[in-house]
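# Could you look at this predicted model? Sequence included:
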Amino acid sequence: MAVMDPHIEVPSTGSAGEAVVVARGVEYAFGSEANLKPILKSVDFTLEPGEFVILTGPSGAGKTTLMTLIGALRTTQKGSIKVLGTELLGLSAVGQRDIRRQLGFIFQDHNLFDALTAFQTLRLAMELIEPRPSYNEALDRARAIMTPLGMGDYLHSLPGQLSTGQKQRVAIARGLVNMPALILADEPTASLDQGSAGAVIDIIRERVTQSRTAALMVTHDVRLFDVADRVVRMEDGRVADAA
Amino acid sequence: MRDSDRKNSGLFVLARNILHAFSPKRSSFGMGIRLIAFNPARLLAAFAGIAVAVAVMFVELGLLTGLLNSQALMASVVRGELVVLSEARTDLHKWNDLSRIRLNQIAAADGVERVIPMYQGNMGLSDPDTNTVRRILVIAFPPEDLPIAIGDPEEIARALRTPNTILFDRRSRPIYADLVLGGEAEINDLSYRVGGFVDLGPDVIHDGVIVMSDASYFARFPAARPIMGVIRLSPGANPDEVRANLVASLPDDVSVFTPDELHQREISFTLRSAPLGFLFGIGMFAGLVIGAITCYQILFNEIVDRLKQYATLKAMGFSEGFLRGLIVEQALVLACGGFAGGLFFAWICYAYIAEKTALAVQLSLESVTLILVLAIVMCIAAGLLALTRVSTADPAELY
């Protein structure tokens, strides 16, 4: 049973009851002005604190683009996206970076540095926290994140010494270690076996439940839909339905 | 310049990145080292490539300074506060002589204790084993007071007081007959006794040196005139004042220098008269380019191999400055490792060159510092160039 460390402070998600993500009339297109290819067409979307939402739909539906816009990884072109109370439309590059520091990213690939141990990876992520934790604080914090993931004994292992599933868990721990108010995950279980995938989803679910963190996950895996509070289906750049 | 402009200027950014890379507050300090050291084979190849470039720079610089110092050797061994030369003698390899009267006039000037004349000429040293005669530079002076530092003055004086005695420069190129202490040396068909050895060294023109007393020299060249006068000042005399007085009182057929000025004038003349600085500068530049390309290639590969990881850091909110710090840290590791290897290669090369050419090629603190700075600048410049690849790491592409 995973247990959250009571000493870890969970950041505020803005004023009480305020949605973590509010997107209104979001449009996005790729390509040059003469040859624009619209990807998102007037998307409205809301994500509340403590809510676990799965974003699904066929390839090219615009779900990944929406997630990268919410994650301030792309610049919003049209419409309004408020993340943690900050309007992303017109936000500077530094402002986007500051928003990203409050989010937890989990990618399809683990993208771990082969030269860094799991603890070094997490400690690197902790550089983004102010004040920066001391070595011992960082170690405690890393242990508190890694143990529930079944990785407590692998803190000082290099990626080369871990299985694919274990690497992905380290990547998940990296996304969670700074107690983000919003977790953005893209097919985080794609490279995992069923058992590992279940454990990963449980961890995210538990974080959402216990600390009222919001989570938005893109996945095609219908077996995971049950754990979500809501499943949002996108088609052709629009939100088709939400269940 | 506005403050914001200053903060974005290249040097400011570079300084900030270097400071960031080595900030003790950074808990990821050493991460760059870990990244670059993770692939030892690649790291060693990088060190070797940069070491070759560093060694090339060292050798070019060493040859240049060795040549220049060899050309100005006589000025650097002067034992006196001032030196007087013929005004027409624009460099030390031009042998315009001086009137003895001038030396007497100088000796009588206020603040001058004495003037030691030096004579110089070329003679032929025979090698009975090969039946050949090789040209050798002969330097002569009064034995009681040595004008140049080439060994123990008392030993040299004692040896030179014996008529027809010569001292052989043991740093001469190994092309001459083997001379032994107490043995005979045939010079210009006359036999001399080898009374000992001195340490001076050859230059580009002269392969070796023989020292004899002025009396022995006059016996051979009765009409010889001094080629240089080394001026010893009275205790407490101010060299600048004495020189000013001499220049004001003497005709303008002589020039008076301090030894340092003469040394500098000789180096300037050599650099002006032959494109040595340019030629060796090109060689050093070539080394710099080789090193920069090697370093760039290594860092570029390092970045490309880990582009997704760098993009992940950007997605997490790490600044471009942090990434620059990582690359600068790796560049500094390459610079230091390559420099250490290059210094070792250079040390071997210098020993070999010095043995083969007998030129004054040696590692100095100045040359080591200069090459270290160049190696660091070279690697950081290559790193910053490779950084443009990191800028292309789009975190949005990770999804």
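Right, received. Where do you want to start? Quantities reported herein were computed from a predicted structural model and do not represent experimental measurements.

# now whichever helix or strand A:A29 is part of, how far from the centre of its chain.
Applying DSSP states H and E as the criterion places A:A29 in strand A:21-30. Relative to its chain's centre, strand A:21-30 lies at 18 Å (Cα atoms, centre = their mean, to the nearest Å).

# ok, it: who's next to it in the sheet?
Strand pairing for strand A:21-30, using DSSP bridges, gives strand A:37-47 (antiparallel), strand A:78-83 (antiparallel).

# buried sites along that strand?
A:V21, A:V22, A:A23, A:V26, A:Y28, A:A29 (16 or more other Cβ atoms under 10 Å in any protein chain shown). For the C-beta atoms, the positions are set from N, CA and C on the backbone; glycine is no exception.

# Wait, the third one touches A:S80, no?
Yes. Using Cβ atoms under 8 Å, A:A23 is in contact with A:S80, at 7.1 Å.

# do you know how far B:A358 is from B:G124?
To B:G124, B:A358 is 20 Å away according to Cβ to Cβ, to the nearest Å.

# what's the answer for A:N136, then?
For A:N136 relative to B:G124 (Cβ to Cβ), the value is 82 Å.

# Name the nearest residue to the most centrally placed residue in chain B, sequence neighbours excluded.
Of all residues in chain B, the one closest to the mean position by Cα atoms, centre = their mean is B:T65, 2.8 Å from it. Closest residue to B:T65 apart from its sequence neighbours, by Cβ to Cβ, 6 or more residues apart in numbering or on different chains: B:S367 at 6.5 Å.

# Which residue ranges of the chain form helices?
Since no chain was named, I'll use chain A. Taking DSSP state H as the test, the helices found in chain A are A:63-70, A:93-100, A:118-125, A:135-146, A:164-176, A:194-211.

# hmm, I had chain B in mind actually
Using DSSP H, helices in chain B cover B:3-8, B:10-21, B:31-37, B:40-71, B:73-76, B:100-107, B:153-161, B:214-220, B:239-249, B:259-273, B:276-305, B:307-316, B:320-357, B:365-391.

# Which secondary structure elements does the longest one sit against?
Pointing back at helix B:320-357 there. With contacts taken as 3 or more Cβ pairs under 8 Å, 6 or more residues apart in numbering or on different chains; DSSP states H and E, helix B:320-357 sits against helix B:10-21, helix B:31-37, helix B:40-71, helix B:276-305, helix B:307-316, helix B:365-391.

# Quick one: mean pLDDT for that helix?
Per-residue pLDDT over helix B:320-357 has a mean of 90.

# buried set for it?
For helix B:320-357, by 16+ other Cβ under 10 Å, it's B:322-339, B:341-343, B:345-346, B:349-350, B:353-354, B:357.

# residues in chain A within reach of chain B, list them.
Contact residues (Cβ under 8 Å from any Cβ of the partner chain) of chain A with chain B: A:64, A:67-68, A:71, A:73-74, A:97-103, A:105, A:107-109, A:111-116, A:120, A:123-128, A:132, A:135, A:138, A:174, A:186, A:218.

# buried subset of the residues you listed?
Looks like the residues of chain A next to chain B have A:64, A:67-68, A:71, A:73-74, A:97, A:99-103, A:105, A:107-109, A:111-113, A:115-116, A:120, A:123-128, A:138, A:174, A:186, A:218 buried, using 16+ other Cβ under 10 Å.

# picking that back up, could you export the helices of chain A as CSV, including mean pLDDT?
What follows is those, written out as CSV (pLDDT from 0 to 100):
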stretch, mean pLDDT
helix A:63-70, 92
helix A:93-100, 92
helix A:118-125, 94
helix A:135-146, 92
helix A:164-176, 90
helix A:194-211, 83
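
# Just send the ones you listed back as a markdown table, with distance to B:M378 too.
Below are these laid out as a markdown table (distance: least, Cβ to Cβ, whole Å):
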| stretch | distance to B:M378 |
| --- | --- |
| helix A:63-70 | 38 |
| helix A:93-100 | 31 |
| helix A:118-125 | 28 |
| helix A:135-146 | 35 |
| helix A:164-176 | 35 |
| helix A:194-211 | 46 |
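
# And stretch A:66-75, end to end?
End-to-end distance for stretch A:66-75: 11 Å, by Cα to Cα, to the nearest Å.

# just to revisit the earlier point, chain B: which of the buried residues of strand A:21-30 is nearest?
For these, the residue nearest chain B by Cβ to the nearest Cβ is A:Y28; the value is 11.2 Å.

# beta partners for the closest one?
Per DSSP bridges, the residues bridged to A:Y28 are A:L40.

# before we move on, the earlier item: dump the residue contacts of the residue nearest to B:T65.
B:F58, B:L61, B:G62, B:T65 (Cβ atoms under 8 Å, 6 or more residues apart in numbering or on different chains).

# Check what pLDDT it gets.
90.

# quick one: it from A:G104, how far?
B:S367 is 53 Å from A:G104, where distance means Cβ to Cβ.

# Report how many residues lie close to A:Q168.
26 (other Cβ atoms under 10 Å in any protein chain shown).

# Now the closest residue to it other than its chain neighbours. Its backbone dihedrals?
Among residues not flanking A:Q168 along the chain, A:H110 sits closest, at 5.2 Å (Cβ to Cβ, 6+ apart). Backbone dihedrals for A:H110, given as degrees, to the nearest 10, come out at phi -70, psi -30.

# List the buried residues of the longest strand seen in chain B.
In chain B, with assignment by DSSP state E, the single longest strand is strand B:112-127. Residues of strand B:112-127 classed as buried under the neighbour-count rule (16+ other Cβ under 10 Å) are B:112, B:114-121, B:123, B:125-127.

# Show me what the one helix or strand in chain A whose mean pLDDT sits lowest is packed against.
The helix or strand of chain A with the lowest confidence, counting by mean pLDDT, DSSP states H and E, is strand A:238-242 at a mean of 78. Helices and strands touching strand A:238-242, as assessed by 3+ Cβ pairs under 8 Å, 6+ apart, comprise strand A:37-47, strand A:230-235.
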